[in-house]
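Q: Fold the following and give me the result.
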Amino acid sequence: MSLKFAAGHVRAQISSIFVVTGCFLAVALLLTSLVAHVVATMTRSMNEIDDARAARAAEAGIAAFASRLSATIRDNAVWDDAYKAIGAETAADWAYTNWGKVSANYPLYDGAIVIGPDGATLSAYAKGKPIQPRDFFGHAFDRQIEAAAGPSQDPIVNFMKTENGITLMASQAIQPYTPGTVLPKLSVLSFTKDLTPDVLDILSNEHELEGLHLTLAAEPGSLSWPIKDINGTPIAYLVWPSKAPGTTVLSNVSPYVATAGVILALFLGGVLLAGTSEARRLRHLAETAHFEAGHDSLSGLLNRHGLLNALDEMNASVEAPLSLYLIDLDGFKAVNDAWGHAVGDDLIRIIAQALPTCHPEILAAARLGGDEFALLQVGHATFGQLEKSILALFTEPFKIDGRTIEAGASIGAAIGARDVASLELLRRADMALYRAKENGKGRAVEYSSGLDQDRQRIAEMEGMLRHAINSGAIKPAFQPLVSASTGVIVGVEALARWRSPAGSISPEIFIPLAEKSGLIDALGIHMLRTSIASAKNWSGLTLSVNVSPIQLCNPDFAAQVIAVLQDFAFDPTRLTLEITEGVLITNPDQARRSINQLKSIGIRFALDDFGCGYASIGALRQFGFDRMKIDRSLISSVGDGGNGVDVLRATISLATALGIPVTAEGIETAAQAAILRAAGCDQLQGYMVGKPVSADEISGRLFQKDQPREYVSVQSSR
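A: Residues are numbered from 1 along each chain as shown. Down below sits the predicted model:
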């Protein structure tokens, strides 16, 4: 019995081993099939994702290629000189010189064609050689020309098939840049750019499309993007091999997979546990990477990419009104400067926690970078209600590590519609935020089409300003500076004046515009050059020129001024640069370096508009000003019957104590001049002593026949 029992027990154990082994083999096969399916799915997904990326890159490359040629044709077709020249008898020669000959070896286009209003070919060249465009391009050419012949028509851009291959043609009516009457049908300029191997190489490098080439038909097994003609019919294909990153990765790891399979068969238990642990780790990494791709690391909120994805999802799934609010913190830079970036980061985290809960209709929040946040609202709450909820977060100071920190917010909002794309909604909110910050701190602005119109007007004004600077339309007028004691002219101040075809434009308009648009350096140097050119022969007179704080904070400013002085051999001691108090806080270190460098060669500096801002006694000493100009608001307050005279005298006494001479601007009455003279002011400026006049008028006063080198008194100049 005992033996039978033992044998039965052994058989049972053997059977159990076979059963367990069979079970483990079945589980192993099942796991292997599942792993194979997962690997195949991942491989296929990676390949599909990369193929989709490559297709988008090809589409973007073609769009960029067309956009560059479109911009080139616009620059050449909308051109006053071209419009005049094409209407002249020498049109063909002019077109060949400016376009046809250039096409021989020009990177922006390979062919240039000019078709007259009657359809006749005025000029047609490809690679510098004459061609017959209708023979070269076929019937599509006439359709393109007809579409582009209307005035103010945007460029018409289409691909065409020629005997040499595929070319991109951009056409636009030749028309004047400046507004004016044009013919109902105009000559048409066309540029062509061939899709050559060199062009394809550039597209390949710019958009990571290795092996990119052009074929007349799509190649099986390769990726392609159709090149369509004016009818929308594919005439060629951009073709490139799929990188198949998933397949490549699978090929690289296949030996390890096979080894893992062997190990799995031998050590099923350990491999199963290790595989489960690894799967959890990889899943956690994928979830972490997915989260980090759409979220800001500091605040934990969505980032720009995550916000756009959220907008797309909600636009597709939510029927309620959708609005986007952009919030920019007021005074955040001051927090970083005063307390350091660690405190600034803490403030960002606090605000990031508060913003999503400020209103129940807020479904998503994002940090777009720096101190800019976004809130996505879905519901019927009005702009005013959300605005109040957001601003309420900033009514009380924030407490961080025992510090009391105040911060405000500017808000821009865009109310979405079902047909507004996510990027457009973000752009509208950003436009509104920009206007809110322009209006001052703690403001909220809702987007309207007027904001786009304002931006367009500003862009047009910038173009006019750039042209005015380049053409010399902005000229200096010179206002006399007279001695308070003798009444003779001792200097002049150069004031920018712009007389456009539409009339005079105030400096209060175009100077801030120049500062915002980055043209202030060009405008400032232009004014300095033209002022010195006029004043260099006014021996004995000083010249004062206004300088923007932005100019003074430019590291190259001092070198530019010195170069202008050298060009005109102008004595630096005759030049005074006037700066406002704003330069004392924008970038004081760079301003001080520029001032010291220019003072070292003899240039003087005057603090303009003293008394209307925040300049202190310490600033006057620190920057070493050679002169102080009292703001006209202090002068006008003299006759108000209050303490204006006392304040004025105290201001002049302060300057006298510091050893700084004083100029009073805005003098309009003899009574004002008398008070200032008695208070110790040594120079007077204003309409009473002399209005801004041209350089010729200043020369006329200085070089009268009976007084060839003497100054004219104040009384005689009135």
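
Q: tally of neighbours for Ala63?
A: 10 (other Cβ atoms under 10 Å). Glycine gets a C-beta too; all of them are placed from N, C-alpha and C.

Q: so it sits in a strand?
A: No - counting by DSSP: H, G, I helix; E, B strand; the rest coil, Ala63 is not found in a strand; it is helix.

Q: what's the spacing between it and Leu214?
A: Per Cβ to Cβ, to the nearest Å, Ala63 is found 17 Å from Leu214.

Q: Same question for Asp571.
A: Distance of Asp571 to Leu214, given as Cβ to Cβ: 66 Å.

Q: What's the biggest strand in this structure, counting residues?
A: strand 489-500 (DSSP state E).

Q: Tell me the strands beside that one, with direction?
A: Paired strands of strand 489-500, with direction, are strand 474-483 (antiparallel), strand 503-505 (antiparallel), strand 542-546 (parallel) (DSSP bridges).

Q: Alpha carbons of that strand, as PDB, please.
A: These are the backbone C-alpha positions of strand 489-500, laid out as PDB (Å, rounded to 0.1, in the frame of the first residue of the first chain):
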ATOM      1  CA  ILE A 489      20.000 133.800 -28.700                       C
ATOM      2  CA  VAL A 490      22.600 131.500 -27.100                       C
ATOM      3  CA  GLY A 491      21.300 128.200 -28.600                       C
ATOM      4  CA  VAL A 492      18.600 126.400 -30.400                       C
ATOM      5  CA  GLU A 493      16.600 123.200 -29.700                       C
ATOM      6  CA  ALA A 494      15.900 120.900 -32.700                       C
ATOM      7  CA  LEU A 495      12.300 119.700 -32.800                       C
ATOM      8  CA  ALA A 496      11.100 117.000 -35.100                       C
ATOM      9  CA  ARG A 497       8.400 118.000 -37.600                       C
ATOM     10  CA  TRP A 498       6.700 115.800 -40.100                       C
ATOM     11  CA  ARG A 499       4.600 117.200 -42.800                       C
ATOM     12  CA  SER A 500       2.900 114.400 -44.700                       C
END
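
Q: if we can go back for a sec, relative to His341, which of the strands paired with strand 489-500 is closest?
A: strand 542-546 (36.5 Å; Cβ to Cβ).

Q: quick one: buried residues of the helix or strand hosting Glu424?
A: With elements delineated by DSSP states H and E, Glu424 resides in helix 422-439, which encompasses its position. Going by neighbour count (16 or more other Cβ atoms under 10 Å), the buried part of helix 422-439 is 422, 425-426, 428-437.

Q: I'd like the distance from the helix or strand following that helix to the chain centre, please.
A: Proceeding C-terminally, helix 422-439 gives way to strand 444-446 as the next helix or strand, assigned by DSSP H and E. Computed by Cα atoms, centre = their mean, to the nearest Å, the separation of strand 444-446 from the middle of its chain amounts to 21 Å.

Q: Can you spell out which helices and strands pack onto strand 444-446?
A: Contact analysis of strand 444-446 by 3 or more Cβ pairs under 8 Å, 6 or more residues apart in numbering; DSSP states H and E lists helix 383-392, strand 408-415, helix 422-439 as its packing neighbours.

Q: Any chance you could list what contacts that strand?
A: Identification of contacts with strand 444-446 by Cβ atoms under 8 Å, 6 or more residues apart in numbering yields 383, 387, 390-391, 410-415, 432-433, 435-436, 439, 451.

Q: Quick check: the farthest pair among these?
A: In the contacts of strand 444-446, the most distant members under the criterion Cβ to Cβ are Leu391 and Leu451, with 20.6 Å between them.

Q: how long is stretch 325-343 from one end to the other?
A: Its first and final residues considered, stretch 325-343 spans 25 Å by Cα to Cα, to the nearest Å.

Q: Only the buried residues of that stretch, if you could.
A: The neighbour-count check on stretch 325-343 (16+ other Cβ under 10 Å) flags Tyr325, Leu326, Ile327, Asp328, Leu329, Asp330, Phe332, Val335, Trp339, Val343 as buried.

Q: Let me see the contact set for the residue most central in space within the chain.
A: For the chain, the residue whose C-alpha lies nearest the mean C-alpha position (Cα atoms, centre = their mean) is Ser517; its distance is 9.9 Å. When contacts are counted by Cβ under 8 Å, 6+ apart, Ser517 is found next to Ile458, Glu462, Leu465.

Q: Could you rerun that using 10 Å?
A: Taking Cβ atoms under 10 Å, 6 or more residues apart in numbering as the definition of contact, the neighbours of Ser517 are Ile458, Ala459, Met461, Glu462, Gly463, Leu465, Arg466, Phe510, Leu523.

Q: With respect to Ala502, which of these is nearest?
A: Set against Ala502, the nearest of those by Cβ to Cβ is Met461 (11.1 Å).

Q: Near that closest one, how many other residues are there?
A: Neighbourhood size, Met461 [other Cβ under 10 Å]: 15.

Q: Just the pLDDT for the nearest residue to it once chain neighbours are set aside.
A: In space, and not counting its chain neighbours, Met461 is closest to Leu513: 6.0 Å by Cβ to Cβ, 6 or more residues apart in numbering. At Leu513 the predicted local confidence, pLDDT, stands at 87.

Q: Was I right to think Leu513 contacts Leu465?
A: Yes - using Cβ atoms under 10 Å, Leu513 makes contact with Leu465 at a distance of 6.0 Å.

Q: Give me the three-state assignment for Ala381.
A: coil.

Q: Now do the contacts for it.
A: Ala381 sits next to Pro321, Ser323, His359, Pro360, Glu361, Ile362, Glu387, Ser389 when contact means Cβ under 10 Å, 6+ apart.

Q: Recalculate using a threshold of 7 Å.
A: With contacts taken as Cβ atoms under 7 Å, 6 or more residues apart in numbering, Ala381 has the following neighbours: His359, Glu361.

Q: list the buried ones in the strand or helix carrying Val199?
A: According to DSSP H and E, Val199 maps onto helix 197-207. In terms of neighbour count (16+ other Cβ under 10 Å), helix 197-207 has its buried residues at Val199, Leu200, Leu203, Ser204, His207.

Q: What pLDDT is listed against Thr573?
A: pLDDT for Thr573: 93.

Q: now the closest residue in space to it that isn't next to it in sequence, what's its secondary structure?
A: Nearest residue to Thr573 in three dimensions, chain neighbours excluded: Gly602, at 4.2 Å (Cβ to Cβ, 6+ apart). When classified by three-state DSSP, Gly602 comes out as coil.

Q: quick one: Gly602 from Gly487, how far?
A: Taking Cβ to Cβ as the measure, Gly602 falls 27 Å from Gly487.

Q: and what of Thr656?
A: Per Cβ to Cβ, Thr656 is found 21 Å from Gly487.

Q: so the residue nearest to Asn554 when sequence neighbours are not counted is in which element?
A: Counting by Cβ to Cβ, 6+ apart, Asp521 is the residue found nearest to Asn554 once chain neighbours are left out, at 6.0 Å. Assessed by DSSP H and E, Asp521 sits inside helix 520-535.
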